[in-house]
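Trainee: coordinates only, sequence not included:
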């Protein structure tokens, strides 16, 4: 059998080179830099520095505040991922059944996808405004004195709502196309076996959606951990105070606002390890049980 | 073509180029600042005024975002060798810049080396040493300087039948109950660390940090927030909130100022630099301002306060011509006319006595008595703890203060625990900063 391939060795390398260079310059080099800076305490202007070994790391692990931020990040990630996926799946299943005006429904549901995170955060600021926000007014009507930016729980609630709202459309698109790729014959066969729509969904549709769901799970966890930065920054209005923040936002607060290069480098190294562990875990343990067709 | 003609052409070309450059031999300098909106317009006006006043130098102001963003861009640019000639750095970031010996040319040296007269006594006393080193040499040129003062809604005070309070005791027993009964939120503030921490210490002439408030170097400096007087203040603030004497709407400056502007609030502790903006806003009520209150149980008379705002640093690594241009710009900037214009337009204090005298002579304070509050407060009695404070990583320490103060107000922590936390985390940050200097 003849294998398709390159006749020379250097051509594939040459073709890969631009991509490799980009990765090296924009990922490996800064990552390496972060690792080295995390062992130093240095003057931001670059005049003085002291080698402190692991002190930047022990400072973090012994900090009650850092652990509090880490706990919030985990909770935030779980809630945002769960609600983004669950709501999107619900919408996709419902939209899949619509026959008349299906295109309009779909377009309307996808619309929010185009909103940039800081803009989403800004819309959140307007909706949840303490004095005249329509959503705050609604909550006040039900006796919940909603104070964005003053009450920790209320601010966290707003951050989760805005982040979920922003992410649902992306998941919706993927779930919908996943649903539409399930063969009609399979669905019809299932219909003969069982009349219960709920049972058919959990026994047939849901397992067949698993590859899409798994892919979305990974992207949603990454989204909650990293891409929600704009939402959190906007809702904190640049002055976090006692408001919740995620680990990525803390890297920014300490490094870019506070000019503590060593401390924030250590934080970003911790995040890198976290992402690495997460990726290995997901691909090793979960992907084995999922069959792509 | 012979060699002779070629050289002739070349010669002519060179002469032409030289002529060209001679005609446009302006030394260009850049100024990175954090003044947005109306303030940015006034900054552009100052720069245009300087450019029009002579034809040797040209300054270009560039808006770089918030105070924190401006400092961070300045640092990143410095490390890449692309720093601007002048960088505006805010109060909390000044320890970082002054600590980095070699990042800037001390403004006092810059001026005297370039033949610009400099006498620190020309500057008003509250401004003089805030950006100076421990020997009293001015490092950063004070620019937008303000102090926390107390604005009041005149209709609110009238409705309540009270005067603006001088002391916090008077506020607590007389002003606040009357304003509350009249249907107003008695008091709001805008910046907890600046107004209820830093200036609490200067107003009562209490030390804010060891090592002469940090001026004697970062090594071993400790923050002094865990004290009886300071805890007393915060116990009362929390009590005011619970009694409906004090409103708190978030860490952001505008969240609280907006409440005052809407006419719901009697007293607002804001910045003297907000005066110009408030005048332009056409508020639904008349307002005026008075000094920041003090506790008569701590001191019989209130001392002068710290300035807030920012100063201009001349970055190092620039050519002698450019430094000369920077010095000339500072000469223009500190001239009484420009200072008075800046003061009049924005409400920031004039930094020199001459500019203050000019504003007085022009009748500015007869027209707007409240405009004089900030500068008068900066000229009150000084004490050993009122010249300023110098703490490294203070931006992060402020974040810790903001966090813990907000938690006191939301009931998540107690005053004792909050002060212990600020002391612990503050001292850790100070010790870490000292190591960055090594």
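Mentor: All right, it came through fine. Note that the structure is a prediction, hence the values are computed from the model and not measured. Numbers count the residues shown, from 1 in each chain, chains lettered A, B, ... in the order given.
Trainee: and chain A, which residues reach chain B?
Mentor: Applying CB under 8 Å from any CB of the partner chain, we find that chain A lies next to chain B at A:41-50, A:52, A:59, A:63, A:65, A:130-131, A:147-152, A:237-243, A:253-254, A:256-260, A:262-263. Bear in mind the C-beta positions are built from the backbone N, C-alpha and C, glycine included.
Trainee: just the buried subset of the residues you listed, please.
Mentor: Neighbour counting with 16 or more other CB atoms under 10 Å in any protein chain shown marks A:41-45, A:48-50, A:52, A:59, A:130, A:147-152, A:237-243, A:253-254, A:256-260, A:262-263 as buried within those.
Trainee: where helices are concerned, which of those residues count?
Mentor: Of those, the ones assigned to helices by DSSP state H are A:59, A:152, A:262, A:263.
Trainee: now tabulate those in CSV and tack on pLDDT.
Mentor: Shown next, in CSV, are these (pLDDT from 0 to 100):
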residue, pLDDT
A:59, 93
A:152, 94
A:262, 94
A:263, 95
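Trainee: how about those in a markdown table, adding distance to residue B:242?
Mentor: Formatted as a markdown table, those follow (distance: CB to CB, whole Å):
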| residue | distance to residue B:242 |
| --- | --- |
| A:59 | 36 |
| A:152 | 18 |
| A:262 | 41 |
| A:263 | 36 |
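Trainee: looking at those residues, which is nearest residue B:85?
Mentor: residue A:262 (29.2 Å; CB to CB).
Trainee: hang on, the closest one packs against residue A:35?
Mentor: No. With contact defined as CB atoms under 8 Å, residue A:262 does not reach residue A:35; the gap is 11.5 Å.
Trainee: domain assignment for chain B?
Mentor: Taking automatic domain parsing as the domain assignment, the ranges for chain B are B:3-146+B:307-371, B:148-305+B:392-436.
Trainee: close to chain A: what parts of the stretch 1-150 of chain B are there?
Mentor: Residues of the stretch 1-150 of chain B lying near chain A (CB under 8 Å from any CB): B:66, B:68-69, B:71-72, B:75, B:78-79, B:93, B:96-97, B:99-103.
Trainee: tell me which of those residues fall in helices.
Mentor: Short answer: the residues of the stretch 1-150 of chain B next to chain A in helices (DSSP H) are B:68, B:69, B:71, B:72, B:75, B:78, B:79, B:96, B:97, B:99.
Trainee: now residue 108: which helix or strand?
Mentor: Answering for chain A, as no chain was given. Using DSSP states H and E, residue A:108 sits in helix A:102-110.
Trainee: try chain B instead
Mentor: helix B:107-113.
Trainee: these two touch, right, residue B:197 and residue B:225?
Mentor: Yes. Here residue B:197 lies in contact with residue B:225, judged by CB under 8 Å, at a distance of 7.0 Å.
Trainee: picking up where we left off before, out of the ones in helices among the residues of the stretch 1-150 of chain B next to chain A, which are buried?
Mentor: Among these, those classed as buried by 16+ other CB under 10 Å are B:68, B:69, B:71, B:72, B:75, B:78, B:96, B:97, B:99.
Trainee: now do the same contact list for residue 150.
Mentor: Using chain A. Counting by CB atoms under 8 Å, 6 or more residues apart in numbering or on different chains, residue A:150 touches A:130, B:248, B:249, B:250, B:406, B:409, B:410.
Trainee: hm, I was asking about chain B
Mentor: B:164, B:267, B:268, B:269, B:270, B:289, B:290, B:291, B:292, B:293.
Trainee: neighbour-wise, which of the residues you listed leads?
Mentor: Counting neighbours by other CB atoms under 10 Å in any protein chain shown, residue B:267 leads the contacts of residue B:150 with 29 neighbours.
Trainee: so the closest residue to that one other than its chain neighbours: helix, strand or coil?
Mentor: Excluding the flanking residues, the one nearest residue B:267 by CB to CB, 6 or more residues apart in numbering or on different chains is residue B:187, at 4.6 Å. Secondary structure, DSSP: H, G, I helix; E, B strand; the rest coil: residue B:187 is strand.
Trainee: roughly how far does residue B:187 sit from chain A?
Mentor: 16 Å (CB to the nearest CB, to the nearest Å).
Trainee: that residue: neighbour count?
Mentor: 29.
Trainee: so, low pLDDT: which residues of the chain?
Mentor: This is for chain A. Applying pLDDT under 70 to chain A picks out residues A:1-4, A:99, A:285-293.
Trainee: wrong one, chain B
Mentor: B:1-24.
Trainee: residue nearest the centroid of it?
Mentor: For chain B, residue B:309 is the residue whose C-alpha lies nearest the centre (CA atoms, centre = their mean; 1.3 Å).
Trainee: any idea which element it lies in?
Mentor: Judged by DSSP H and E, residue B:309 forms part of strand B:308-315.
Trainee: right, is that strand up against chain A?
Mentor: No. Shown here: strand B:308-315 not in contact with chain A (CB under 8 Å from any CB), separated by at least 9.8 Å.
Trainee: out of the contacts of residue A:150, which is nearest to residue B:263?
Mentor: residue B:249 (14.8 Å).
Trainee: nearest residue to that closest one in space, please, no chain neighbours.
Mentor: Per CB to CB, 6+ apart, closest to residue B:249 is residue B:255, 4.2 Å.
Trainee: list the contacts for that neighbour?
Mentor: A:130, A:149, A:237, B:249.
Trainee: quick check, nearest of these to residue B:108?
Mentor: Among the contacts of residue B:255, and counting by CB to CB, the member closest to residue B:108 is residue A:237, at 37.4 Å.
Trainee: surely residue B:305 meets residue B:377?
Mentor: Yes. Residue B:305 lies in contact with residue B:377 (CB under 8 Å); the separation is 5.6 Å.
Trainee: where do the strands of the stretch 1-150 of chain A begin and end?
Mentor: Secondary structure of the stretch 1-150 of chain A, counting by DSSP state E, counting those that start in this stretch: strands at A:40-42, A:49-51.
Trainee: ok so, going back, neighbouring strands - and their directions - for the strand holding residue B:309?
Mentor: strand B:86-90 (antiparallel), strand B:104-105 (antiparallel), strand B:141-146 (antiparallel) (DSSP bridges).
Trainee: so it versus helix B:67-79, what angle?
Mentor: Angle of strand B:308-315 versus helix B:67-79, following axes from the mean of the first three to the mean of the last three CA atoms, to 10 degrees, is 10 degrees.
Trainee: which parts of strand B:308-315 are buried?
Mentor: B:308, B:309, B:310, B:311, B:312, B:313, B:314, B:315.
Trainee: could you do stretch B:273-282 as well?
Mentor: So for stretch B:273-282, counting by 16+ other CB under 10 Å, buried means B:273, B:274, B:275, B:276, B:277, B:278.
Trainee: got it, and stretch B:285-304?
Mentor: For stretch B:285-304, a neighbour-count test (16+ other CB under 10 Å) marks B:287-295, B:298-299, B:302-304 as buried.
Trainee: and the top helix by length along chain A, what does it pack onto?
Mentor: In chain A, taking DSSP H as the definition, the longest helix is helix A:64-97. Packing partners of helix A:64-97 (3 or more CB pairs under 8 Å, 6 or more residues apart in numbering or on different chains; DSSP states H and E): helix A:102-110, helix A:152-180, helix A:206-222, helix A:247-252.
Trainee: let's have those in CSV, adding distance to residue A:230.
Mentor: Listed next are those as CSV, based on distance: least, CB to CB, whole Å:
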stretch, distance to residue A:230
helix A:102-110, 20
helix A:152-180, 9
helix A:206-222, 15
helix A:247-252, 10
